[in-house]
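need the 3D shape of this:
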Amino acid sequence: ILSYSLLCSLYQNIHSILGDYLVHQCLDIILEPLKLVAYVGIMLSDPVGHSCYCFNPLTSYTVDTLEAMMLAAIGGKNLSVTMAMFKQFGDPSQYKPQTSSMTLTQIAAV
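So this is what the prediction gives:
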């Protein structure tokens, strides 16, 4: 029974990871036009009719806490913006920011 519960837990974790990977792939496909505009630019016109060449390097995406944790590739009771863990919430100390390079370093270590 112990091995069965362990196996179910493992499959649930793999299922969660694959689901998160699928969301990342879908976002990559959906945001491809915005990435292209940020890279090469696009011609836009204002309400008066004047055209200008624009680049849009900044986009935003509103998420709730669970989505933010999934997009930042963190889990548990950690924050998506800092390296602080749940036991450190309310601590007066300032913690390092959660950055993409930090995430990639942690993934490479696994």
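
what is the burial count for the closest residue in space to L71 that isn't next to it in sequence?
For L71, ignoring the flanking residues on the chain, the nearest one in space by C-beta to C-beta, 6 or more residues apart in numbering is V63 at 6.5 Å. To be clear about C-beta, it is placed using only N, CA and C from the backbone, and glycine gets the same treatment. Other residues near V63 come to 13 when the count uses other C-beta atoms under 10 Å.

could you confirm V63 falls within a helix?
No: assignment of V63 by DSSP: H, G, I helix; E, B strand; the rest coil gives coil, placing it outside any helix.

was I right about it contacting V81?
No: here V63 lies out of contact with V81, judged by C-beta atoms under 8 Å, at a distance of 11.8 Å.

check which helix or strand D20 maps to.
Element membership for D20, per DSSP states H and E: helix 2-30.

in PDB, please show the C-alpha coordinates belonging to stretch 95-106.
As requested, C-alpha coordinates have been extracted for stretch 95-106 and formatted as PDB (Å, rounded to 0.1, in the frame of the first residue of the first chain):
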ATOM      1  CA  TYR A  95      15.500  38.800   0.600                       C
ATOM      2  CA  LYS A  96      17.000  38.300  -2.900                       C
ATOM      3  CA  PRO A  97      14.500  38.700  -5.800                       C
ATOM      4  CA  GLN A  98      13.300  35.600  -7.600                       C
ATOM      5  CA  THR A  99      14.800  36.100 -11.100                       C
ATOM      6  CA  SER A 100      14.800  34.000 -14.200                       C
ATOM      7  CA  SER A 101      18.600  33.400 -13.900                       C
ATOM      8  CA  MET A 102      18.100  32.100 -10.400                       C
ATOM      9  CA  THR A 103      15.300  29.800 -11.600                       C
ATOM     10  CA  LEU A 104      17.400  28.500 -14.500                       C
ATOM     11  CA  THR A 105      20.300  27.900 -12.100                       C
ATOM     12  CA  GLN A 106      18.100  25.900  -9.800                       C
END
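
M43 against S51, yeah?
Yes: here M43 reaches S51: they are 5.6 Å apart, a contact under C-beta under 8 Å.

helix or strand right after the helix holding D20?
Moving toward the C-terminus from helix 2-30, the first helix or strand encountered (DSSP H and E) is helix 32-40.

cool, thanks, signing off.
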